[in-house]
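Peer 1: The following block contains a protein sequence and its predicted model.
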Amino acid sequence: PVSFPGVLLCVFPAIFAPSPPGGRRTRRLAHRYEPPRPCRSLSFNHRLPTMPTVVITGAAGAIGSVTARTFREAGWDLGLIDYGDENQDLLEREFPDAVVAAADLTRKADAREAMDAVASATGGIGAVLGVAGGFAMQEAEKATEDDYRHMMDINFRTLFQTARAAIPYLKESRPGLLLG
């Protein structure tokens, strides 16, 4: 975990199921995870007044869309980001109340523009879930350097650019949460 003043950044594989406000706390993790210090244990399971909007990258994908539905059902405001016009159209149809942005998150300018659009439309960003990414099914010995570069771009560069664009908004929301 990396700490910035007012922001908690943890990178670990987990699926969170937020509860409705005032509801019973539930957290389903892919495995048991106890955050080491300096990560304070935060409750991700109910909507806090300081966390009005959750931004989900890769929102049109299998994991991103389930995550978006789960947070919508729990009453969170949604900022949904994915790549391309087709994904933007799909998200706008399924989540008509969400702020939806199409962005190439490997590009700094696109990531900032998408975060700015969500923050402007919703009044701030309290949590960011970096779900964007992917993989290629192929034999390792047939993988090229271009394949490797592409995998690093869609899995790590997207999270890096997302974090850089989101941190100023997360600092304002205190506590801000970035999960990748």
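Peer 2: Looks like it arrived, so ask away. Residues are numbered from 1 along each chain as shown.

Peer 1: what residue ranges in the chain are flagged as low confidence?
Peer 2: By pLDDT under 70, the low-scoring segments of the chain are 1-51.

Peer 1: what about 90?
Peer 2: 1-52, 74-75, 134-140, 172-177, 180 (pLDDT under 90).

Peer 1: would you list every one of the strands in it?
Peer 2: 2-4, 7-10, 53-57, 77-82, 99-102, 127-130, 176-179 (DSSP state E).

Peer 1: Nearest the geometric middle of this structure, what residue?
Peer 2: Leu129 (1.8 Å; Cα atoms, centre = their mean).

Peer 1: Tyr148 versus that one, what's the distance?
Peer 2: To Tyr148, Leu129 is 25 Å away according to Cβ to Cβ, to the nearest Å. Backbone N, C-alpha and C define where each C-beta goes, glycine included.

Peer 1: Can you show me the helices along this structure?
Peer 2: 62-73, 85-94, 108-122, 145-152, 158-173 (DSSP state H).

Peer 1: okay, those, which one's buried deepest?
Peer 2: Burial of the helices of the chain is given as mean neighbour count (mean count of other Cβ atoms under 10 Å); helix 158-173 ranks first at a mean of 21.

Peer 1: if we can go back for a sec, just put the strands of the chain in TSV and tack on distance to Arg93.
Peer 2: Shown next, in TSV, are the strands of the chain (distance: least, Cβ to Cβ, whole Å):
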stretch	distance to Arg93
strand 2-4	36
strand 7-10	32
strand 53-57	16
strand 77-82	12
strand 99-102	10
strand 127-130	21
strand 176-179	26
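
Peer 1: got the contact list for the residue nearest to the centre of the chain?
Peer 2: If you count contacts by Cβ atoms under 8 Å, 6 or more residues apart in numbering, Leu129 has them with Val54, Val55, Ile56, Thr57, Thr67, Leu179, Gly180.
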